[in-house]
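> only geometry, no sequence info:
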């Protein structure tokens, strides 16, 4: 029997009126079943110019945005996932392993996202 855990999730966005995101298809790494909220995603093709572009977790200058909500590939469809491209992010609200993915290269690739620790 499958059990369901109910609860609340924390939102890493600040100043919601400054937030902007678009739906995208997320392609996790081969051995990855969960893509956590806040994970930087990107790829060779711009999902802003090509709605069919697939984004994968990255830690380099190919980042195009941050996954807004956690994705479990065993239970969820990986299409139509919101990717944040603009706004203010509180790094302290991200899991420590996701914080480690927000490298200087990712920050430079996302000039419309402000990262703070508050």
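That came through, no problem. Only a predicted model underlies this, so the values are computations on that prediction, with no experimental measurement involved.
> Residue 33 touches residue 75, doesn't it?
No. When contacts are counted by C-beta atoms under 8 Å, residue 33 is not listed as touching residue 75 (9.2 Å). Heads up, the C-betas are built off the backbone N, CA and C, glycines and all.
> Please, where are all the strands along the protein?
13-14, 20-26, 34-35, 40-42, 54-57, 63-67, 71-72, 81-90, 113-116 (DSSP state E).
> Can you give the strand pairings for the third one, parallel or anti for each?
So that's strand 34-35. Strand pairing for strand 34-35, using DSSP bridges, gives strand 71-72 (antiparallel).
> Off-centre distance for the partner strand?
Mean-position distance between strand 71-72 and its chain equals 11 Å (C-alpha atoms, centre = their mean, to the nearest Å).
> pLDDT on stretch 56-65, on average?
Mean pLDDT, computed over stretch 56-65, is 96.
> buried sites along it?
Going by neighbour count (16 or more other C-beta atoms under 10 Å), the buried part of stretch 56-65 is 56, 57, 58, 59, 62, 63, 64, 65.
> Stretch 70-90 now?
Buried residues in stretch 70-90 (16+ other C-beta under 10 Å): 70, 71, 78, 81, 82, 83, 84, 85, 87, 88, 89, 90.
> Mean pLDDT per element in this protein, and the minimum belongs to which helix or strand?
When the helices and strands of the chain are scored by mean pLDDT, DSSP states H and E, strand 71-72 comes last with a mean of 85.
> got the end-to-end distance for stretch 41-53?
End-to-end distance for stretch 41-53, by C-alpha to C-alpha, to the nearest Å: 12 Å.
> With stretch 55-64 instead?
8 Å.
> begin at 31 from here
Okay, residue one is now 31; in that scheme the one you just asked about reads as stretch 85-94.
> which outside residues touch that stretch?
By C-beta atoms under 8 Å, 6 or more residues apart in numbering, the list of residues contacting stretch 85-94 from outside reads 54-59, 62, 65, 69-74, 76-78, 95, 113, 115, 131, 133, 135-136, 138-140.
> For PyMOL, what selects the buried ones among those residues?
Paste this into PyMOL to select the buried members of the contacts of stretch 85-94, with burial taken from 16+ other C-beta under 10 Å:
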select buried, resi 54+55+56+57+58+65+69+70+71+72+73+77+95+113+115+131+136+139+140
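> Lovely, talk soon.
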